[in-house]
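K.L.:
using only what follows, build the 3D model:
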Amino acid sequence: METMRVYRHIDEVTDLRGAPRAVAIGTFDGLHRGHQEIVKTAVRAAALMGGQSAVLTFEPHPGSVLAPGRDPALLSTFEYKVDLLEELGVDEVVALPFDSAFAELSPEEFGRSILSHRLNARQVMVGANFRFGRGASGSAEDLIAQGKTIGFSVTAIGLVVVRGKPVSSTRIRRLVAEGRVEEAAELLGRPHVVEGYVEGGAGRGRVLGTPTANLEPLAGLAVPAPGVYVTRTLIADGVTRPSVTSVGTNPTFESDGVLRVETFLLDFTGNLYGKRIRVEFLEWVRPQHIYGDPALLQERIAEDVRVARAFFERQPAAS
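P.N.:
Coordinates of the predicted model:
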């Protein structure tokens, strides 16, 4: 199977004119169930016309340029998004650097220069609420009209509705911020992931009998509300471990108010210092709590581990 190609700038795209493209467009933060419908439609369309499927996305998130200081917490790193797109069968990812100059492109320039001339788009897939061009002045309807003139068809995919409301990255961010990770997973189509590097800690987990990996989340990622969660941790390509993760300020021992993400991997004795890991948040266990006696905390952690083991025992065995 051919490896998906990833371009980090439009100038890197040199071989896209050889075949017609079905192009899915969007920021696709989190690649939730609504985004997946757009991408899957492009993959199917490319197969039917004997062409290539491409995802045109933007890096960094446009919000960091259009509203600095108010940009949203991210549901996925670029690397994780690329991995998810590859799982969906995408042939190519084109990540356009989103900066102030790009933000000034008119809708007409975007359609003609980027989609038609550079990407040889024949079919384009967007969400029904898609906006593009300077000041977000272009709509899906405008893109449809452009395509008729320039030479590509446009399919606007309706919003996916779950529990009576449209699935959106904004809705998922709110759920994550409230610790409602099971509901977030329902909208994402998979658990929410926090990714980062393992750093050295105070070593208290080892003293308490539960040595933890102290995760420094990558900048800008959405971290669930303080509390304890059942999690699954990816520690290497294809290698995962059941785990319990505490998100909080460690109020029993610390007074600095710094948010910490500490993960205890069940039945694991390896060294993860300096490694990049991904933690999937599966289920809320309990809120953060201050324990006056470390022994009480040790008992509570042991109960958290029992809860996690029971959770994984309930999961169907992999076929």
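K.L.:
contacts only, for the residue lying closest to residue 305 once chain neighbours are set aside.
P.N.:
Nearest residue to residue 305, sequence neighbours excluded (C-beta to C-beta, 6 or more residues apart in numbering): residue 244, at 5.8 Å. Using the backbone N, CA and C atoms, a C-beta is placed for each residue, glycine as well. By C-beta atoms under 8 Å, 6 or more residues apart in numbering, the contact set of residue 244 is 210, 228-231, 263-264, 266, 285, 301, 304-305, 307-308.
K.L.:
which of the residues you listed count as buried?
P.N.:
The neighbour-count criterion (16 or more other C-beta atoms under 10 Å) marks 210, 228-231, 263-264, 285, 301, 304-305, 308 among the contacts of residue 244 as buried.
K.L.:
now, these that are in helices?
P.N.:
Residues of the buried ones among the contacts of residue 244 located in helices (DSSP state H): 301, 304-305, 308.
K.L.:
distance to residue 63 and pLDDT added to the residues you listed, as TSV?
P.N.:
What follows is those, written out as TSV (distance: C-beta to C-beta, whole Å; pLDDT from 0 to 100):
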residue	distance to residue 63	pLDDT
301	37	88
304	35	94
305	38	94
308	35	96
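K.L.:
quick revisit: what average pLDDT does the helix or strand hosting the residue nearest to residue 305 get?
P.N.:
Assigned by DSSP states H and E, residue 244 falls within strand 239-248. Here strand 239-248 scores 94 as its mean pLDDT.
K.L.:
what comes up buried for that strand?
P.N.:
241-248.
K.L.:
distance between it and the chain's centre?
P.N.:
Its chain's C-alpha centre and that of strand 239-248 lie 18 Å apart, by C-alpha atoms, centre = their mean, to the nearest Å.
K.L.:
mind checking how far residue 109 is from residue 123?
P.N.:
20 Å (C-beta to C-beta, to the nearest Å).
K.L.:
swap that for residue 214, please
P.N.:
For residue 214, the distance to residue 123 - C-beta to C-beta - is 47 Å.
K.L.:
compare neighbour counts for those two and give me the winner.
P.N.:
residue 123 (22 against 19; other C-beta atoms under 10 Å).
K.L.:
which parts of the stretch 1-150 of the chain are helices?
P.N.:
33-49, 62-66, 78-87, 100-103, 107-109, 140-150 (DSSP state H, counting those that start in this stretch).
K.L.:
for the fifth one, buried residues please.
P.N.:
So the one you mean is helix 107-109. residue 107.
K.L.:
now do the last one
P.N.:
Under the neighbour-count criterion of 16+ other C-beta under 10 Å, helix 140-150 has 140, 142-144, 146-147 buried.
K.L.:
neighbouring strands for the next helix or strand after it, and are they parallel or not?
P.N.:
Following helix 140-150 in sequence order, the next helix or strand is strand 153-157 (DSSP H and E). Sheet pairing of strand 153-157 (DSSP bridges) gives strand 121-127 (parallel).
K.L.:
about what we covered before: which of the contacts of residue 244 sits closest to residue 117?
P.N.:
residue 231 (45.8 Å; C-beta to C-beta).
K.L.:
for the protein, name the helix or strand with the lowest mean pLDDT.
P.N.:
Lowest by mean pLDDT, DSSP states H and E among the helices and strands of the chain is helix 204-207, with a mean of 47.
K.L.:
for the helix or strand that that one is followed by, name the packing helices and strands.
P.N.:
Sequence-wise, the next helix or strand downstream of helix 204-207 (DSSP H and E) is strand 213-217. Taking 3 or more C-beta pairs under 8 Å, 6 or more residues apart in numbering; DSSP states H and E as contact, the helices and strands that strand 213-217 lies on are strand 192-199, strand 260-265, strand 276-286.
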